[in-house]
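Enquirer: sharing a sequence plus its predicted fold:
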Amino acid sequence: MARILITSAIPYINGIKHLGNLVGSQLPADLFARYNRARGNEVLFLCATDEHGTPAELAAAKVGKPVADYCAEMHDVQADIARRFGLSFDHFGRSSSDENKALTQHFAGVLAEQGLIAETDEEQVYSNADGRYLPDRYIEGTCPNCGYDKARGDQCENCTKQLDPIDLIEPRSAISGSTDLEVRQTKHLYLRQSQMRAELQAWIDSKTDWPVLTTSIAKKWLNDGDGLQDRGITRDLEWGVPVKRGTEAWPGMEGKVFYVWFDAPIEYIACSQEWVNANKGDDWQRWWRTDAGADDVTYYQFMGKDNVPFHTLSFPSTILGSREPWKLVDYIKSFNFLNYDGGQFSTSQGRGVFMDQALDILPADYWRWWLLSNAPETSDSEFTWERFQDGVNKDLADVLGNFVSRVTKFCRAKFGEEVPKGGSFGPRETQLMADITGRIRTYEQLMAQMEVRKSAAELRSIWALGNEYLQEVAPWTTVKEDPEQAQAQIRLALNLIRIYAVLSAPFIPTAAASMMSGMNTLDFSWPEGVDGDDSAFTALPAGHAFTVPEVLFAKITDDQRKEWAERFAGIRT
RNA sequence: GGCGCGGUAGCUCAGUUGGUUAGAGCGAUCGACUCAUAAUCGAUAGGUCGGGAGUUCAAGUCUCCCCCACGCCA
């Protein structure tokens, strides 16, 4: 039994995530977690909210709440939506947890001991009215290049020129509008990633089986220009992990916090400590410490491409640079972006469909299936309401749902609601079982390789095999001439429903549960093969009672599609 | 401007280390069936694999140049 550690990129606390965020990390990670559990592997699947930084502070201020309260509330909101989407985290933690504070401070301390932390003095803009330092992009003013009056401190959106905040004419705070700004000297810590460059390069080069998307982004950052740059890991903010050197105070760093990108990935580890402290597990070290039992763990990370640099370079610098025996990631599965109807999904602009809205109009399985079977693996892909309707109706309603419906209703009408016992399997049945077994083996390989779209396509063709069989042996005709033979045909078809439920559960867990419930069984054993008395194809024995399930997937009508397309055409307010 | 990922049937995409008549799903057309969510099953049509040059007995698959789209960065 393999031991599988899975983490999904942690979503930022500020607001509800859209479908593009979902399909880029949490959803495929959940697919992989569910599959591995179904195969009997020991799985620890972790996710959390990423809570620190300026955007959270501003969002809290906007609704007039203390930032800690705001984050606590938003964490619960996100946890509830994740649960309703069927995301099967073993724990959904918080980067603002005490565990993460202590661990982040610990890493900073040991990195300093290893000579990988540099202290620098730099100039930062301070807003007296706001009582805080302003990140570059929160300073606005007139562009010295083109005269645009809403240029940001990092770049002018009008002429695209890169700027320094001190270049701006009549600079003001983007938060309050105040012009009472001053430049102050402030001290900061840098992670000396440049020192780790050769080691990271060798590590990345050894990962020949990673997606091209992952390695190409990592190599670009390693080799572009002057190579990997040191990175500031502290900020002049209040909301964050206080800067400490382990448990000791850090002279000169009073009142400062670690940068959100330093503490966020450390939460992957801290989350497992939260998992233990929540009494859900009893040993986090055997997942993370190679000196405490984690050497047989295989660790997979899932994320969108925008997160790749931090996971291939920054976080590994932290792990490797500590010179402590932490588990390093074995495989990084990265995704491109999902676009929405001709443009990008946008959290800040409220464009697209967000997770709560999606669940308001359809059950999670509809979304899970479409998003996963169209996951942006090789390139960006696009959500349109037409494609969504086509995919859901054809795959889920017509191919799978209708198969369950036609088999169970036919049996009920002709033989009653129990698995019929007559007849025996002949050559055609043997062939079907062999065909399905062969495809299951392919499906297993694709799932193990995290080939999400191909796995979905393979699963769909397994569903279709059932319809092909029924069409060919035509039990509705057979029953008139040879009822015993028809019973054998339907007995096999009913067993296919259980097999389909088990195979499909990672994609569509709710519908799979309905199928299992209808088949009146708790036998979730994975279909290993065709041979022997314990064959998956005879798991439901003759005489086993079942009920006809409710319609598994109602079709999306043209009227619904049009209404939703219109409702979600604008921006969310 | 640099870099990255793409450009394959109407649409969405597969096409390992170059090798027989380039594949799938959807859509279209025709047919079969009537158990079923007007579902299913079969068949057919449809592609000079972005353009050009080159290497090779052989290129969608390698090399070079160009064009287009998207993304990232400066």
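Expert: Yep, it's here.
Enquirer: which stretches of the stretch 201-350 of chain A have low pLDDT?
Expert: Applying pLDDT under 70 to the stretch 201-350 of chain A flags residues A:224-226.
Enquirer: tell me which residue in it sits closest to RNA strand B.
Expert: In the stretch 201-350 of chain A, the residue that lies nearest RNA strand B is A:S216 (4.1 Å; C-beta to the nearest atom of the strand). Bear in mind the C-beta positions are built from the backbone N, C-alpha and C, glycine included.
Enquirer: wait, A:A278 sits on A:F89?
Expert: No. Applying C-beta atoms under 8 Å, one finds A:A278 not in contact with A:F89, separated by 11.6 Å.
Enquirer: and the two? which has more neighbours close in?
Expert: A:F89 (23 against 11; other C-beta atoms under 10 Å).
Enquirer: helix, strand or coil for that one?
Expert: Recorded secondary structure, A:F89: coil (DSSP: H, G, I helix; E, B strand; the rest coil).
Enquirer: who's in contact with it?
Expert: Neighbouring residues of A:F89 by C-beta atoms under 8 Å, 6 or more residues apart in numbering: A:D30, A:F45, A:L46, A:C47, A:A82.
Enquirer: equivalent analysis for A:N100, please.
Expert: A:G93, A:R94, A:V241, A:D263, A:I266, A:E267, A:A270, A:C271 are the contacts of A:N100 under C-beta under 8 Å, 6+ apart.
Enquirer: now A:E119
Expert: If a contact means C-beta under 8 Å, 6+ apart, then A:E119 has A:K187, A:H188, A:L189, A:Y190, A:G252 as its contacts.
Enquirer: can you tell me how far the closest residue to A:L359 other than its chain neighbours sits from A:V551?
Expert: Nearest non-adjacent residue to A:L359, counting by C-beta to C-beta, 6 or more residues apart in numbering: A:R84, 5.5 Å away. Here the criterion is C-beta to C-beta, to the nearest Å. By it, A:R84 lies 21 Å from A:V551.
Enquirer: packing partners of the helix or strand containing A:M433?
Expert: Using DSSP states H and E, A:M433 falls within helix A:427-448. For helix A:427-448, the packing partners by 3 or more C-beta pairs under 8 Å, 6 or more residues apart in numbering; DSSP states H and E come out as helix A:27-38, helix A:452-473, helix A:483-504.
Enquirer: how about the CA coordinates for that helix, as CSV?
Expert: What follows is helix A:427-448, C-alpha atoms only, in CSV (Å, rounded to 0.1, in the frame of the first residue of the first chain):
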residue,chain,number,x,y,z
PRO,A,427,-19.1,-15.7,-25.3
ARG,A,428,-20.5,-12.2,-25.7
GLU,A,429,-20.6,-11.7,-22.0
THR,A,430,-17.0,-13.0,-21.7
GLN,A,431,-15.9,-10.6,-24.4
LEU,A,432,-17.6,-7.6,-22.7
MET,A,433,-16.0,-8.4,-19.4
ALA,A,434,-12.6,-8.7,-21.1
ASP,A,435,-13.2,-5.4,-22.9
ILE,A,436,-14.1,-3.6,-19.8
THR,A,437,-11.3,-5.1,-17.8
GLY,A,438,-8.8,-4.0,-20.4
ARG,A,439,-10.2,-0.4,-20.3
ILE,A,440,-10.1,-0.4,-16.6
ARG,A,441,-6.4,-1.2,-16.7
THR,A,442,-5.9,1.8,-19.0
TYR,A,443,-8.0,4.0,-16.8
GLU,A,444,-5.9,3.1,-13.8
GLN,A,445,-2.7,4.0,-15.7
LEU,A,446,-4.1,7.3,-16.8
MET,A,447,-5.3,8.2,-13.3
ALA,A,448,-2.0,7.3,-11.8
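Enquirer: who touches the residue in the stretch 1-150 of chain A that RNA strand B sits nearest to in this structure?
Expert: Proximity of the stretch 1-150 of chain A to RNA strand B (C-beta to the nearest atom of the strand) peaks at A:D136, 11.3 Å away. Taking C-beta under 8 Å, 6+ apart, we find A:D136 in contact with A:V125, A:R152, A:G153, A:D154, A:D164, A:P165.
Enquirer: repeat for A:K305
Expert: By C-beta under 8 Å, 6+ apart, the neighbours of A:K305 are A:G24, A:L213, A:I217, A:S334, A:F335, A:N336, A:F337.
Enquirer: kindly report the same for A:E484.
Expert: So A:E484 contacts A:G422, A:G423 (C-beta under 8 Å, 6+ apart).
Enquirer: how about the helices and strands packed on helix A:427-448, which one is nearest RNA strand B?
Expert: Closest to RNA strand B of these, according to C-beta to the nearest atom of the strand: helix A:452-473, at 3.2 Å.
Enquirer: which of the contacts of A:E119 count as buried?
Expert: A:K187, A:H188, A:L189, A:Y190 (16 or more other C-beta atoms under 10 Å).
Enquirer: kindly reformat those residues as CSV containing secondary structure and pLDDT.
Expert: Below are these laid out as CSV (DSSP: H, G, I helix; E, B strand; the rest coil; pLDDT from 0 to 100):
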residue, secondary structure, pLDDT
A:K187, strand, 91
A:H188, strand, 90
A:L189, strand, 93
A:Y190, strand, 92
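Enquirer: how about a markdown table for these, with distance to RNA strand B added?
Expert: Listed next are the buried ones among the contacts of A:E119 as a markdown table, based on distance: C-beta to the nearest atom of the strand, whole Å:
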| residue | distance to RNA strand B |
| --- | --- |
| A:K187 | 23 |
| A:H188 | 18 |
| A:L189 | 20 |
| A:Y190 | 16 |
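Enquirer: of those, closest to A:E324?
Expert: Taking C-beta to C-beta as the measure, A:E324 lies nearest A:L189 of these, at 19.1 Å.
Enquirer: what about the residue positioned nearest the centre of chain A, distance to A:L446?
Expert: Closest residue to the average C-alpha location of chain A: A:Q26 at 1.4 Å, with C-alpha atoms, centre = their mean. Here the criterion is C-beta to C-beta. By it, A:Q26 lies 20 Å from A:L446.
Enquirer: so the closest residue to RNA strand B within the stretch 351-500 of chain A, which of the three states?
Expert: Per C-beta to the nearest atom of the strand, A:G401 is where the stretch 351-500 of chain A lies closest to RNA strand B, at 1.8 Å. For A:G401, the secondary-structure state derived from three-state DSSP is helix.
Enquirer: contact partners for it?
Expert: Shown in contact with A:G401 (C-beta under 8 Å, 6+ apart): A:A511, A:V551, A:L552, A:F553.
Enquirer: SS state for the first one?
Expert: With three-state DSSP as the basis, A:A511 sits in helix.
Enquirer: quick one on the thing from earlier: for the residue nearest to the centre of chain A, which non-adjacent residue is closest in space?
Expert: Among residues not flanking A:Q26 along the chain, A:S8 sits closest, at 4.5 Å (C-beta to C-beta, 6+ apart).
Enquirer: out of the contacts of A:G401, who's near RNA strand B?
Expert: A:V551, A:L552, A:F553 (C-beta under 7 Å from any atom of the strand).
Enquirer: cool, thanks, signing off.
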